[in-house]
Every structure is written in C-alpha cells, then in structure tokens.
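In: The following comprises the amino acid sequence and a computationally predicted model.
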Amino acid sequence: MSSEFYSDTIYGQVVPFDGDLDDKFQLAIMVDGEEEFIVEPDINGRNLHEFMDQWIKAQVLVNETDEGFFVKIREVSVDEGGWEYDDDNW
C-alpha cells in the first residue's frame with residue numbers, strides 16, 4: 001500500500017461519510033461534487049460536524065492512499081461563496 005502526505009487547502013461541503021471503512025470515519029468533505037476527502041476523527045475532525053451541509057474552506061494535511069483521501073483538519077472557515085467560482089479559481 002502506497003501513501004503520500006501533503007498540505008493543501010480544499011473547498012467543499014461537509015457531508016456524512018458512508019463507506020466500507022472502519023466506523024470511526026463519519027464525516028467527509030465533498031470537493032467538486034464527486035471527490036470525498038475522509039475526515040480523520042481527531043479533535044478538529046470531530047468538531048467539523050458543526051459545519052454539516054455547509055460549504056467550507058479547510059487547511060488540511062492530506063494522506064492519499066489506495067483506499068482514498070484522508071485529511072487531518074488544521075483550520076476551517078465557512079466559505080460563503082459556495083460554488084460561485086470564476087475562471088481564475090476553478
């Protein structure tokens with residue numbers, strides 16, 4: 001199993017995670033309406049439930065594995081613009 005770690009800023013919607021992984025993973029950030037970033041359930045990840053169904057901007061540490069994208073939340077804020085992207089930041 002290969003794994004790659006990197007820091008990133010992601011924009012997406014907080015949604016319940018429904019997958020075949022361990023039950024400890026309960027939230028994900030849906031990016032571009034198709035890619036799920038599965039939230040690690042540490043203290044910052046557990047607090048993300050406050051943003052359920054909202055658009056957020058999150059500073060994260062990504063662990064990309066064969067099973068998916070797992071993120072540790074560093075900082076999060078509500079993204080009032082949601083899907084209002086222009087050509088420069090698509």
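Out: Sure, I can see it. Numbering: from 1, shown residues only.
In: going forward, measure contacts between C-alpha atoms and count neighbours the same way
Out: OK.
In: List the contacts of the spatially closest residue to residue 28 that is not a sequence neighbour.
Out: In space, residue 28 comes closest to residue 38 once its chain neighbours are excluded; the distance is 4.3 Å by CA to CA, 6 or more residues apart in numbering. Each residue near residue 38 by CA atoms under 8 Å, 6 or more residues apart in numbering is listed here: 17, 25, 27-29, 68-71.
In: so which strand or helix has residue 38?
Out: strand 35-39 (DSSP states H and E).
In: same thing with residue 30?
Out: Using DSSP H and E, residue 30 falls in strand 27-31.
In: And residue 41, by the same measure?
Out: Using DSSP H and E, no helix or strand contains residue 41.
In: Find me the pLDDT at it, would you?
Out: We have a pLDDT of 92 for residue 41.
In: Make sure it is actually in contact with residue 24.
Out: Yes: here residue 41 reaches residue 24: they are 6.8 Å apart, a contact under CA atoms under 8 Å.
In: would CSV of the contacts of residue 38 with neighbour count be doable?
Out: Listed next are the contacts of residue 38 as CSV, based on neighbours: other CA atoms under 10 Å:
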residue, neighbour count
17, 18
25, 19
27, 22
28, 26
29, 30
68, 13
69, 18
70, 21
71, 25
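In: Pick out the residue nearest the middle of this structure.
Out: residue 29 (3.2 Å; CA atoms, centre = their mean).
In: Quick check: it vs residue 64, distance?
Out: 14 Å (CA to CA, to the nearest Å).
In: for residue 37, same thing?
Out: Taking CA to CA, one finds residue 37 at 9 Å from residue 64.
In: Give me the common contacts of the two.
Out: Common neighbours of residue 37 and residue 64, using CA under 8 Å, 6+ apart, are residue 70.
In: Which neighbouring elements make contact with the top strand by length along the chain?
Out: Under DSSP state E, the strand in the chain containing the largest number of residues is strand 3-16. Under the contact criterion of 3 or more CA pairs under 8 Å, 6 or more residues apart in numbering; DSSP states H and E, strand 3-16 touches strand 27-31, strand 55-65.
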